[in-house]
Structures are given as C-alpha cells and as structure tokens.
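J.: coords below, sequence missing:
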C-alpha cells in the first residue's frame, strides 16, 4: 500500500517535493526534515487541486446531480461537442416514460426531433436541462410532476394514453446536433 501511494505521489507531485533537505549541520536535520515534509504536503495538495481543476474540466459539469428545481440527472454518455445557446435550434433524440407508460420514443426514427432552446416546446424539466448539455451527451432525467404535465396531467389522445396529474416522467435524452455549429457542415458549406 505504501509503495502504491509513493508511486501515485511520484506521478503527480512536483519532483522538487522529493528533494532531500540539504544541511551540513546534523543538529538541524530534524527541523529540516519537518520543513521538507510540510513543503512536500503543501506541494502535493497544490498538485492535487490543480489536477482536479485541470482534468476534471473534461467531465460534464452537471453529472449525476439534482437541480435546485428537483430534476435528477444521470449521465449515461458524455459528449465533447458545443453547448446550445438560448433560441438556438437543437437536434435531440429521446424517449419518455410515465412509469411503464411510454409517452414517446424518437430514438428509432430516421430524423431527430428539432427544438429551439428555451422556446417552451418541451416539458419544463427538459427545457431547464437542455442548455446544460453538450452535443454527444446522453442523460436520463427524472422529472417531478410539477415540471412535467402538472396537476392536470395530459388527456388521452389518438394512440397516446392519459398521463395522470403530477406523474413523475423519466426522460432519456441525447443531444445529437446543433445545426449551425457542427464543424462538418461548416467545413462542407463554408461560413461566409
């Protein structure tokens, strides 16, 4: 265990932290060693904090959390694409369930579903979370009833069952594109 810790520290800590104190006086060895340990620990803490902020930035900022309004987010895939801006067109694929009742499923359709970010075209819980996603992200959202269909629910319609009032909705959504921000299209068409 000790050797694993030293190996780990050796890979992340600055090499200066491992330099033994240089002192010609033996009486000062205890004080120098103590100072060296303190500096070493300070350096390790600094490197650890730097590593978290540097390498942690590649992770989604909203991974596996619950928003202040109550939407639970579970990240199933992290993308590296652009994030949408308010009013921008976004291409998404999704499936939505109220318990065992399938509300919709766009994953198997030839075309994604296009929506404007912030337009109110989707249930409130999804509208709240979409601007936080990147192209390539796939998240499972658990949306409380007040941010889904509310106390009235949704009446039955042709081919669609009724959704009871305040029903919790599970919404599996993937951000598949942002027309106008996709590099392949910009390279093909040009950005003049």
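T.: Received the coordinates, thanks. What you see is a predicted model; the values in this text were computed from it and never measured.

J.: residue 96 and residue 121, how far apart?
T.: When C-beta to C-beta, to the nearest Å is the yardstick, residue 96 and residue 121 sit 14 Å from each other. Heads up, the C-betas are built off the backbone N, CA and C, glycines and all.

J.: quick one: which of those two has more around it?
T.: For the pair residue 96 and residue 121, the greater number of neighbours falls to residue 96 (22 against 12), based on other C-beta atoms under 10 Å.

J.: give me the element that one is part of.
T.: Assigned by DSSP states H and E, residue 96 belongs to strand 89-98.

J.: I'd like the average pLDDT over that strand.
T.: Along strand 89-98, the predicted local confidence has a mean pLDDT of 96.

J.: now swap in stretch 128-145 and tell me
T.: Summarised as a single mean, pLDDT over stretch 128-145 is 96.

J.: give me the buried positions along that stretch.
T.: 128-130, 132-135, 137-139, 141, 143-145 (16 or more other C-beta atoms under 10 Å).

J.: could I get the residues you listed as JSON lines with distance to residue 166 and secondary structure?
T.: As requested, the buried residues of stretch 128-145 are exported to JSON lines (distance: C-beta to C-beta, whole Å; DSSP: H, G, I helix; E, B strand; the rest coil):
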{"residue": "128", "distance to residue 166": "17", "secondary structure": "helix"}
{"residue": "129", "distance to residue 166": "19", "secondary structure": "helix"}
{"residue": "130", "distance to residue 166": "22", "secondary structure": "helix"}
{"residue": "132", "distance to residue 166": "24", "secondary structure": "helix"}
{"residue": "133", "distance to residue 166": "25", "secondary structure": "coil"}
{"residue": "134", "distance to residue 166": "31", "secondary structure": "coil"}
{"residue": "135", "distance to residue 166": "33", "secondary structure": "coil"}
{"residue": "137", "distance to residue 166": "28", "secondary structure": "coil"}
{"residue": "138", "distance to residue 166": "26", "secondary structure": "strand"}
{"residue": "139", "distance to residue 166": "22", "secondary structure": "strand"}
{"residue": "141", "distance to residue 166": "16", "secondary structure": "strand"}
{"residue": "143", "distance to residue 166": "11", "secondary structure": "strand"}
{"residue": "144", "distance to residue 166": "8", "secondary structure": "coil"}
{"residue": "145", "distance to residue 166": "3", "secondary structure": "helix"}
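
J.: which of the residues you listed lies closest to residue 87?
T.: Within the set of these, residue 130 lies nearest residue 87; the separation is 12.1 Å, counting by C-beta to C-beta.

J.: report the contact partners of the closest residue to the closest one other than its chain neighbours.
T.: Beyond its immediate neighbours in the sequence, the residue positioned closest to residue 130 (C-beta to C-beta, 6 or more residues apart in numbering) is residue 117, lying 5.7 Å away. Residue 117 is in contact with 84-90, 130-131, counting by C-beta atoms under 8 Å, 6 or more residues apart in numbering.

J.: which other helices and strands does whichever strand or helix holds residue 127 contact?
T.: Following DSSP H and E, the helix or strand that holds residue 127 is helix 124-129. Applying 3 or more C-beta pairs under 8 Å, 6 or more residues apart in numbering; DSSP states H and E, one finds that helix 124-129 makes contact with strand 138-143, strand 169-177.

J.: this completes my enquiry, with thanks.
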